[in-house]
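Undergrad: mind folding the following:
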Amino acid sequence: MSHPHHPRKSEWKRQTAIVSRWLHIYLSMVSFAILLFFAVTGITLNHQDWFSNTRTLQAKGQVQEKWVKVADAKDVAKLEIVEYLRKTNGVKAALADFRIEDAQCQASFKGPGYSADAFIDRTNGSYELTETRQGLVAVLNDLHKGRDSGTAWAWIIDASAGLMTLVSLTGLVLIFFLQKRRASGLLAVAIGGVLCWVVYVIWVP
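TA: Below you'll find the model as predicted:
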């Protein structure tokens, strides 16, 4: 007994396969550089001791006494101090924290692979600055983690994750349209998932 033909269903399957293939190919191309970046930095993150290249620089200086020697802590000239440190000592990255205590102020700057801390004496404006640069690999590692990299980079990470999710899903959809590869493809997916789970259960503390 012959089964009735369903042209609408066949057309729907054909269009789904076409769209999935198109999305998979072009999303893969768009996200190729991003995927390569996160793949490589995944290795460097896992072996940070291989690429250790930390340099620490120290400097001393003087800000204007009137910026810090004030009766009320809220009158400390934060903006002027920060700009002075940037201009005089080449401090970069975003200001992460500015603490004001009775005897001193502390300005902390954080960026990918970079940190700087200035301790300023409120009695006379003298300061000591410690700047730490951890090298290019540390910069890339911090970008991978999104640490101290700002809102714009956080959006890049979200967009990257979204692209890679779509690439994975469209690839999975395509498997169902490849009859000769469907069973082996789904088996490979299952094996990969099970292996990750086994490693987690047995070897992850």
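
Undergrad: and residue 36, that one's in a helix?
TA: Yes. According to DSSP: H, G, I helix; E, B strand; the rest coil, residue 36 belongs to a helix.

Undergrad: show me where the chain has strands.
TA: All strands of the chain, identified by DSSP state E, fall at 55-62, 94-100, 104-111, 114-121, 126-133.

Undergrad: does residue 94 touch residue 150 like I think?
TA: Yes. At 6.7 Å, residue 94 counts as touching residue 150 under the criterion of C-beta atoms under 8 Å. Every C-beta, even on glycine, is put in place using the N, C-alpha and C of the backbone.

Undergrad: show me what contacts the residue nearest to residue 140 when sequence neighbours are not counted?
TA: Closest residue in space to residue 140, ignoring its immediate chain neighbours: residue 41 at 5.0 Å, by C-beta to C-beta, 6 or more residues apart in numbering. Contacts for residue 41 (C-beta atoms under 8 Å, 6 or more residues apart in numbering) come out as 140-141, 143-144.

Undergrad: re the thing from before, can you say which of the strands of the chain is nearest to residue 183?
TA: strand 104-111 (49.6 Å; C-beta to C-beta).

Undergrad: which residues are in contact with the closest one?
TA: 68, 76, 78, 81-82, 85, 91-99, 115-122, 142, 148-149.

Undergrad: so it versus strand 114-121, what angle?
TA: For strand 104-111 and strand 114-121, the angle between their directions (axes from the mean of the first three to the mean of the last three C-alpha atoms, to 10 degrees) works out to 170 degrees.

Undergrad: just the buried members of the contacts of strand 104-111?
TA: 68, 76, 78, 81-82, 85, 91, 93, 95, 98, 115-122, 142, 148-149 (16 or more other C-beta atoms under 10 Å).

Undergrad: okay, now the unreliable bits of the protein?
TA: 1-9 (pLDDT under 70).

Undergrad: quick check, central residue of it?
TA: residue 146 (2.5 Å; C-alpha atoms, centre = their mean).

Undergrad: and the residue nearest to that one when sequence neighbours are not counted, how many residues sit next to it?
TA: Counting by C-beta to C-beta, 6+ apart, residue 157 is the residue found nearest to residue 146 once chain neighbours are left out, at 5.1 Å. By other C-beta atoms under 10 Å, 16 other residues sit near residue 157.
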